[in-house]
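Enquirer: Here is a sequence together with a model predicted from it:
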There are 2 protein chains.
Amino acid sequence: MKKGEKTRRSIVERSARVFNTRGYSGSSMNDLIRETGLEKGGIYNHFASKEEIALEAFDYAASLMQARFESALAGREGALDRLFTIIDVLGGLVEDPPVPGGCPVLNTAVESDDTHPALKERAQEAMTGWLRLIGSIVKEGIWDGELRADADPRETASVVIATLEGAIMMSRLCDDPAHMMRAVDHLKEYLKSLAPATERSVA
Amino acid sequence: MKKGEKTRRSIVERSARVFNTRGYSGSSMNDLIRETGLEKGGIYNHFASKEEIALEAFDYAASLMQARFESALAGREGALDRLFTIIDVLGGLVEDPPVPGGCPVLNTAVESDDTHPALKERAQEAMTGWLRLIGSIVKEGIWDGELRADADPRETASVVIATLEGAIMMSRLCDDPAHMMRAVDHLKEYLKSLAPATERSVA
């Protein structure tokens, strides 16, 4: 990697921490200068504006989430096992976020929905990817007979992500991981209920 | 109401809209001046700082939520009916928030958790109140036999709020009320599953 590219990457990585803890509006160029250890000119050599850095920092944080999903799912077979794996990855965001400050999609979604269309669009794309990932696993599970034919891929995807993202907010707000633990337990019971009843598969 | 009190109240009400859409960090005193139509001095006559206004604006928004719960629950008897009512109040925040910008507790929680301890404390208090409200209804339902003895009041409270708050975020992010509709349907099914099995109550 060339030196310029390395500097650019370091700006993105360090800025991602600032944006994910302080928010976009709460992060000033001075905060980014402090965190990156560069001069103002050193940052403006690589980026035209705070917004440009924020968009790349979001993509970087989202790519870390993507990498976690891929690594956790590697070698996992079966719809329930794969869905449980996704729940554990999102459930892990309370104690061990990929970037300090919690879930970058939640943070960016809540801040940008009324005010920053470009950031909102990035968070939307990440959310769409997560919804598709879960939906496609449910579809495969139905196809394989591991899940009931009347399971609803879109409902499952919405419910799994809503419950976990809401639980991240609650556990961080109340400084209490119990909310996330209850959400994870609840979702695993819910997903098990989407499997065909044992009687039916035996019959 | 005296004129000064009326002005103070109007500052709080109008500022609540600004904070709930733009966030605390994203709202400048100039934004508050524009929204209230007052001079800077007119605001500083009543409040010492932006933070002081934000704390009162949050309490005002939380009190509107409280009023919605109380009015919707009035005359409702039975644990399931009361829990469904709470779900509908929170589910209604996507299309009809009490203050523009969505759920004030979600917005304030996500923004303040790393940065604004005083705001975080207010959001925590509101969240604790909601958790207690749901927990106490579940306890009464167990006591009355309308819910199973092994229903867990704290789990139910965490799951209901997490699912709905996550769904508010998703529906606003994706401009799609379907996420909330699926969350509401899912939670009502979940709550029905906490009622004793029909066979058992008949036996």
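Expert: Received the coordinates, thanks.
Enquirer: List the contacts of the residue lying closest to A:K40 once chain neighbours are set aside.
Expert: Nearest residue to A:K40, sequence neighbours excluded (Cβ to Cβ, 6 or more residues apart in numbering or on different chains): A:I33, at 5.8 Å. All C-beta spots, glycine's among them, are computed from the backbone N, C-alpha and C. When contacts are counted by Cβ atoms under 8 Å, 6 or more residues apart in numbering or on different chains, A:I33 is found next to A:39-40, A:43.
Enquirer: Skipping its backbone neighbours, what lies nearest A:A195 in space?
Expert: In space, and not counting its chain neighbours, A:A195 is closest to A:L147: 6.1 Å by Cβ to Cβ, 6+ apart.
Enquirer: Pull the number of nearby residues for the one you found.
Expert: By other Cβ atoms under 10 Å in any protein chain shown, the residues close to A:L147 number 23.
Enquirer: Then A:A61?
Expert: When neighbours are defined as other Cβ under 10 Å, A:A61 has 28 of them.
Enquirer: Check A:G26 too.
Expert: The local packing of A:G26 (other Cβ under 10 Å) involves 20 other residues.
Enquirer: try A:R132
Expert: That count, for A:R132 with other Cβ under 10 Å as the rule, works out to 12.
Enquirer: who are the neighbours in contact with it?
Expert: With contacts defined as Cβ under 8 Å, 6+ apart, A:R132 is in contact with A:A157.
Enquirer: close enough to count as contact, A:L32 and A:I43?
Expert: Yes. Counting by Cβ atoms under 8 Å, A:I43 is a contact partner of A:L32 at 6.4 Å.
Enquirer: The two - which one has more neighbours?
Expert: Just comparing A:L32 and A:I43: by other Cβ under 10 Å the higher neighbour count belongs to A:L32, 22 against 19.
Enquirer: Look up the closest residue to that one, ignoring the ones flanking it.
Expert: A:L32 sits nearest to A:S15 (Cβ to Cβ, 6+ apart), 5.2 Å away.
Enquirer: my guess is the one you found meets A:A57, correct?
Expert: Yes. Assessed by Cβ under 8 Å, A:S15 is found in contact with A:A57 at 4.6 Å.
Enquirer: Which positions in the longest helix seen in chain A come out as buried?
Expert: Ranked by residue count under DSSP state H, the longest helix found in chain A is helix A:117-144. By neighbour count with 16 or more other Cβ atoms under 10 Å in any protein chain shown, helix A:117-144 contains the buried residues A:119-120, A:122-124, A:126-127, A:130-131, A:133-135, A:137-139, A:141-142.
Enquirer: Return only those of the residues you listed found close to chain B.
Expert: Applying Cβ under 8 Å from any Cβ of the partner chain to these, one finds that A:120, A:123-124, A:127 fall near chain B.
Enquirer: May I ask which two of these are separated the most?
Expert: Spatially, the most separated pair among these is A:K120 and A:M127, at 10.2 Å (Cβ to Cβ).
Enquirer: got any residues that touch both of those two?
Expert: Shared contacts of A:K120 and A:M127, defined by Cβ under 8 Å, 6+ apart, comprise A:109, B:173.
Enquirer: Next, A:K6: secondary structure please.
Expert: A:K6 falls in the helix class when you classify it by DSSP: H, G, I helix; E, B strand; the rest coil.
Enquirer: can you check A:V184 too?
Expert: Per three-state DSSP, the local secondary structure of A:V184 is helix.
Enquirer: Show the pLDDT at it.
Expert: pLDDT recorded at A:V184 is 98.
Enquirer: same deal with the one 10 residues further on?
Expert: As predicted, A:L194 sits at a pLDDT of 97.
Enquirer: How about A:D113?
Expert: pLDDT, A:D113: 86.
Enquirer: Any chance you could list residues touching both of A:L32 and A:I43?
Expert: Jointly contacting A:L32 and A:I43 under the rule Cβ under 8 Å, 6+ apart are A:11, A:53.
Enquirer: Who's the closest spatial neighbour of A:G141, skipping the chain neighbours?
Expert: Leaving out its chain neighbours, the residue that sits closest to A:G141 by Cβ to Cβ, 6+ apart is A:A79, at 2.7 Å.
Enquirer: what about the one you found, how many neighbours?
Expert: Neighbour count for A:A79, taken as other Cβ under 10 Å: 25.
Enquirer: if we can go back for a sec, could you identify the helix or strand that succeeds the longest helix of chain A?
Expert: Counting by DSSP states H and E, the next helix or strand C-terminal to helix A:117-144 is helix A:153-174.
Enquirer: Direction-wise, compare that following helix with helix B:117-144 and give the angle.
Expert: With axes from the mean of the first three to the mean of the last three Cα atoms, to 10 degrees applied, the angle from helix A:153-174 to helix B:117-144 works out at 120 degrees.
Enquirer: Check the offset of helix A:153-174 from the chain's centre.
Expert: Put simply, helix A:153-174 sits 11 Å off its chain's centre (Cα atoms, centre = their mean, to the nearest Å).
Enquirer: So is it next to chain B?
Expert: Yes. Helix A:153-174 lies within reach of chain B by Cβ under 8 Å from any Cβ, at A:154-155, A:158-159, A:161-167, A:169-170, A:172-174.
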